[in-house]
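> Mind folding the following:
(one chain, ligands or ions: 1)
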Amino acid sequence: MSVTHRLTAPAPGWTAATDVVVVGSGVAGLTVALNVRKAGLRAMVVTKAVLDEGSTRWAQGGIAAALGEGDTPEQHLDDTLVAGAGLCDEEAVRTLVTEGPDAVRRLIATGALFDRGEDGEILLTREGGHHRRRIAHAGGDATGAEISRALVAAVRTDPGIELIEHALVLDLLTDTEGHAAGLTLHVMGEGQRDGVGAVRARAVVLATGGMGQVFSATTNPAVSTGDGVALALRAGAAVTDLEFVQFHPTPLWVGPDAEGQLPLISEAVRGEGAHLVDAGGVRFMVGQHELAELAPRDIVAKAITRRMQEQGADHMFLDGRHFGAEMWEHRFPTILATCRAHGIDPVTAPIPIAPAAHYASGGVRTDPRGRTSVPGLYACGEVACTGVHGANRLASNSLLEGLVFAERIAADLAGRHAAGELPERTVDVAAARAARPVPLPPSEARAEIQRLMSRGAGVLRSAASMADAAAGLALIAEQAHSHVAEEKPADPRVETWEAANLLLVATALVAAAAQREETRGCHWREDFPERDDAHWRRHLITTLAASGDPVSTPEEQ
Ligand SMILES: Cc1cc2nc3c(=O)[nH]c(=O)nc-3n(C[C@H](O)[C@H](O)[C@H](O)COP(=O)(O)OP(=O)(O)OC[C@H]3O[C@@H](n4cnc5c(N)ncnc54)[C@H](O)[C@@H]3O)c2cc1C
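Take a look at the predicted model:
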């Protein structure tokens, strides 16, 4: 039997049971829950904070789908493959773009209200890397908030979906066959479900979102600590493409020492014609790419970072003054309000911006049905790597991926249930006890991990910068081990479990990024500036060794 690992935590003090337990309440998790109900399965959604506290609610620009006249899934496929820089799984992309339009229509049927023109047709905008207007949006620039509102309202009215908020999932539980049989979690509740407990289920779905909090500057909310990837690694699952972190080119620059979640100035602002300029007002993207400001995100983020380095500046500017007040107020009300709250008026002044970690293209490896390499463990949304993004995600493909692959997981579970292949599971308690406990770093390690990652494995990377990051991370791990040996371990609690997850994900990410000696998609190596298809047109698959260290192996070509 392979060695598995678990976070250091007290033994479960309570138990609950359901058919399908879904971890996370963003677009992916809630879509799975709503759809497994159609197959007559009970669902339990457990979520770390409140229901709408993930990235989904922050999504601004919209959701991409070939809904417009003259647009086709084939053209959407072409744009996605170009952005993915040779590493997309073409079949997964084909699934995304062909099932996408109907998935959006089903989302609308669930209650999501998209912006429509006077003729009643859905309004579509353009974003970087798209050669067509195919981004549907809601509330101007509040697409994610509307999707979240509609899905939360739908799950709340379904008595077959149990919702547990303030519940941090720790680790997977399996049966004697190694099939997922539930999970352990810590609930900050009261009454019967308080403290560490266990949920038994026929299948487990990870929909825990991204890992932006691994870096100090990110657009992701505080809950995006990579827990699902860390849990999957500890459970023995394969993860892939961790090195492909997308840095958003234009989060609002709020000062030199900014940390945590930064406000985002959506790509749609450039889609509508805003210009990137330096302090001298020069449009530096013109001439660098045929799409200028609308080039794929990695190109724009790198061009901004380079310009900042050349000019010794810590930010550049996005100039949308020519939109005029009326357009700002109607098309981008949220962004306008956010900028004004930070003392900048985009109607009269260019907006200061600088790149920050935004999206994890990699994650827990899944097949087209959302199955991971651990039987009964599924993953969808940002935590998963279905293969649709390759080395770089095309803007607004992620909400769509969450929808489409969540529906596919529900369909797979429904099919297995109908075929009698989804029996109740009995947790193998001995296996759970035999899993090796991971020593916990102190909660202060979070900020240090973030600093190391932003400095060493950010937009521009090199062997030297990543060696520094790896050494710093190894030191944090060593200290956690020695504190256990000295019998003064960190307390098992939310902050230290999150720090342990961040440490594992960061270590795995740096190991993969250091191994990939080329520049591709959103992975930019200063010391290997060329794309190297001969050696690197393949994925790195990461698993945990018995020691608990992540090991990345190049996939066979
Ligand atoms: C500012 C911003 C703007 C964006 N704009 C767009 C856009 O315009 N278009 C687009 O397509 N994409 C956009 N994205 C990306 C997109 O929003 C996300 O990729 C997508 O919403 C992820 O959905 P999800 O369901 O996978 O995860 P999330 O919505 O992040 O939800 C994850 C859930 O998991 C829970 N969770 C995490 N860990 C645990 C744990 N250990 N235990 C229990 N629960 C846990 C969280 O609390 C949360 O409920 C944007 C992202 C950001 C941050």
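> Assign Arg149 to helix, strand or coil.
helix (DSSP: H, G, I helix; E, B strand; the rest coil).
> Please name the residues that touch the closest residue to Leu262 other than its chain neighbours.
Distances taken as CB to CB, 6 or more residues apart in numbering put Pro251 closest to Leu262, at 4.2 Å, once the chain neighbours are dropped. Quick note: C-beta positions are derived from backbone N, CA and C, even for glycine. Going by CB atoms under 8 Å, 6 or more residues apart in numbering, Pro251 touches 217, 219, 262-265, 353-356, 358.
> One more: Val239?
Val239 neighbours (CB under 8 Å, 6+ apart): 229, 232-233, 362-365, 385, 508, 541-543.
> Which of those residues fall in strands?
When DSSP state E is applied, those are split such that 363-365, 385, 541-543 fall in strands.
> What average pLDDT does stretch 165-173 get?
Here stretch 165-173 scores 98 as its mean pLDDT.
> if we can go back for a sec, okay, and the beta partners of the residue nearest to Leu262?
Leu264 (DSSP bridges).
> all helices in the stretch 201-350 of the chain, in order from the N-terminus.
For the stretch 201-350 of the chain, applying DSSP state H, counting those that start in this stretch gives helices covering 227-234, 267-271, 297-311, 324-331, 333-341.
> just the ones you listed: most buried one?
Among the helices of the stretch 201-350 of the chain, helix 227-234 has the highest mean neighbour count (mean count of other CB atoms under 10 Å), at a mean of 28.
> hmm, that helix in reach of the ligand?
Yes: Helix 227-234 reaches the ligand (CB under 6 Å from any ligand atom) through Asp227.
> Also stretch 387-400?
Yes: using CB under 6 Å from any ligand atom, stretch 387-400 reaches the ligand at 396-399.
> Near the residue in the stretch 1-150 of the chain positioned nearest to the ligand, how many other residues are there?
Here the residue of the stretch 1-150 of the chain nearest the ligand is Gly26; by CB to the nearest ligand atom that distance is 2.1 Å. Number of residues near Gly26 (other CB atoms under 10 Å) recorded here: 34.
> Specify the beta-bridge partners of the nearest residue to Thr553 once chain neighbours are set aside.
Distances taken as CB to CB, 6+ apart place Ile541 nearest to Thr553, at 5.3 Å, with adjacent residues excluded. Beta bridges link Ile541 to Thr240, Thr553, judged by DSSP bridges.
> quick one: Ile541 and Val551, what's the gap?
9 Å (CB to CB, to the nearest Å).
> So which of these two has more stuff around it?
Taking other CB under 10 Å, Ile541 and Val551 do not tie; Ile541 has more neighbours (18 against 14).
> Spit out the contact partners of the more buried one.
Counting by CB under 8 Å, 6+ apart, the residues that Ile541 touches are 238-240, 365, 552-555.
> list the contacts for the residue minimising distance to the centre of the chain?
The C-alpha lying nearest the average C-alpha coordinate of the chain belongs to Gly210 (CA atoms, centre = their mean; 2.6 Å). Residues in contact with Gly210 (CB under 8 Å, 6+ apart) are 55, 220, 224, 226, 359-360, 382-383.
> cutoff 10 Å now
Applying CB atoms under 10 Å, 6 or more residues apart in numbering, one finds that Gly210 lies in contact with 26, 54-55, 218-221, 223-226, 228-229, 245-246, 357-361, 363, 381-383, 398.
> now do His535
Here His535 is in contact with 516-518, 554, 557 (criterion: CB under 10 Å, 6+ apart).
> wait, is it part of a helix?
Yes: looking at His535 with three-state DSSP, it is inside a helix.
> can the helix-or-strand element of the chain with minimal mean pLDDT be found next to the ligand?
Least confident helix or strand of the chain, by mean pLDDT, DSSP states H and E, is strand 260-261 with a mean of 82. No: residues of strand 260-261 are not located near the ligand by CB under 6 Å from any ligand atom, the shortest gap being 7.7 Å.
> which residues does the residue of the chain most remote from its centre contact?
Note on the chain: the largest C-alpha distance from the chain mean falls to Glu486, namely 36.6 Å (CA atoms, centre = their mean). Applying CB under 10 Å, 6+ apart to Glu486 gives no contacts.
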